[in-house]
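[1] The following block contains a protein sequence and its predicted model.
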Amino acid sequence: MSKNYYVILFKNITFAGIMVEEALKRNAVVSILDTDVEEQIFSAEFTARLEGLKLPATKLELLVKLLRKTIREYKKVNKIAAEKYEDLLRKTLDEYHKRRDALSADEATVTQNEAVTAIIDEATKQALDLLNALGEEKESFRGLGLSFEEKAFYDILLHLRDKYNFEYGEDKKVGALVVNEKCKALAKKIKELIDVQSTFTDWLNNSKIRADLNQKIFFCLYENGYPPQYNKEVFDQVMEQVENFKSCGES
């Protein structure tokens with residue numbers, strides 16, 4: 001047989017091998033994407049599976065997709081905390097794209113490939129750090145002695161206090177946690193009001209019950225001196241978290 005025949009045969013075998021390898025990699029990615037995000041994404045087993053992906057760009061792309069998915073789910077319950085991680089992920093990706101764009105087009109191919117790999121590796125490390133921080137954030141309610149849902153109201157109360165610069169309770173650092181007993185107590189009261197209203201049939205679609213809840217939360221905030229001086233924007237933003245929480249119940 002001619003030399004060309006063997007050349008063509010070799011190319012076909014090589015191409016088929018590449019196709020099989022890529023198919024296996026895609027299957028691995030799909031398998032990881034099907035992971036139960038809420039329970040397994042923060043486990044050591046998940047990290048090990050992720051490390052099994054050899055293509056740096058594929059690993060980074062997968063991480064970004066999982067982060068976006070996890071943040072989106074977290075936002076259904078805790079809007080303010082999720083938005084913080086949205087912002088951190090956006091900054092990570094902006095920096096990554098900025099560094100990629102800064103690579104000179106006339107650099108030697110080897111040098112450029114090495115630079116791209118280094119940039120991807122750094123972005124992947126930042127994404128993994130962000131994933132770990134998000135995992136710790138989602139578990140932080142336990143250290144505060146709150147439920148997962150109460151923590152969402154605790155976060156918005158602290159956030160608005162700092163945003164509008166008024167005093168409410170005393171912050172104490174316990175490890176990585178900020179503990180404010182007054183905000184904890186108020187967060188529990190808000191959640192309790194929602195729990196009472198949710199005992200009514202079809203309460204989410206009952207405008208009268210929803211209006212009654214809004215009024216009760218308004219008086220709850222007022223009676224507990226939050227904020228010390230009435231601020232409509234503060235009340236409206238607390239109610240945004242309440243509405244966000246109720247919408248989650250509808251899904």
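    Great, that's in hand.

[2] use CA for all of it now, contacts and neighbours both
    OK.

[3] Pro228 falls within a strand, correct?
    No. Pro228 is assigned coil when assessed by DSSP: H, G, I helix; E, B strand; the rest coil, not a strand.

[4] Which element, helix or strand, includes the nearest residue to Leu158 once chain neighbours are set aside?
    Closest residue in space to Leu158, ignoring its immediate chain neighbours: Cys183 at 7.0 Å, by Cα to Cα, 6 or more residues apart in numbering. According to DSSP states H and E, Cys183 maps onto helix 181-197.

[5] Against which helices or strands is the helix or strand following that helix packed?
    Going down the chain from helix 181-197, the next helix or strand is helix 207-223, by DSSP H and E. Packing partners of helix 207-223 (3 or more Cα pairs under 8 Å, 6 or more residues apart in numbering; DSSP states H and E): helix 181-197, helix 232-250.

[6] If I average pLDDT within each of those helices, which one is lowest?
    Sorting those by mean pLDDT places helix 232-250 lowest, at a mean of 78.

[7] which other helices and strands contact that helix?
    Using 3+ Cα pairs under 8 Å, 6+ apart: helix 232-250 touches helix 148-163, helix 207-223.

[8] what sits up against that helix?
    Under the criterion Cα atoms under 8 Å, 6 or more residues apart in numbering, residues 76-79, 152-153, 156-157, 160, 204, 214, 218, 221, 227 lie in contact with helix 232-250.

[9] Could you do stretch 214-225 as well?
    Leu186, Lys189, Ile190, Leu193, Pro227, Tyr230, Phe235, Met239.

[10] Go again with 10 Å.
    Residues outside stretch 214-225 that contact it (Cα atoms under 10 Å, 6 or more residues apart in numbering): 168, 182-183, 185-187, 189-191, 193-194, 208-213, 226-230, 234-236, 238-239, 242-243.

[11] Just the buried residues of the residues you listed.
    168, 182-183, 186-187, 189-191, 194, 209-210, 213, 226-227, 234-235, 238-239, 242 (16 or more other Cα atoms under 10 Å).

[12] Correct me if wrong: Glu83 contacts Ile71.
    Yes. Using Cα atoms under 10 Å, Glu83 is in contact with Ile71, at 8.0 Å.
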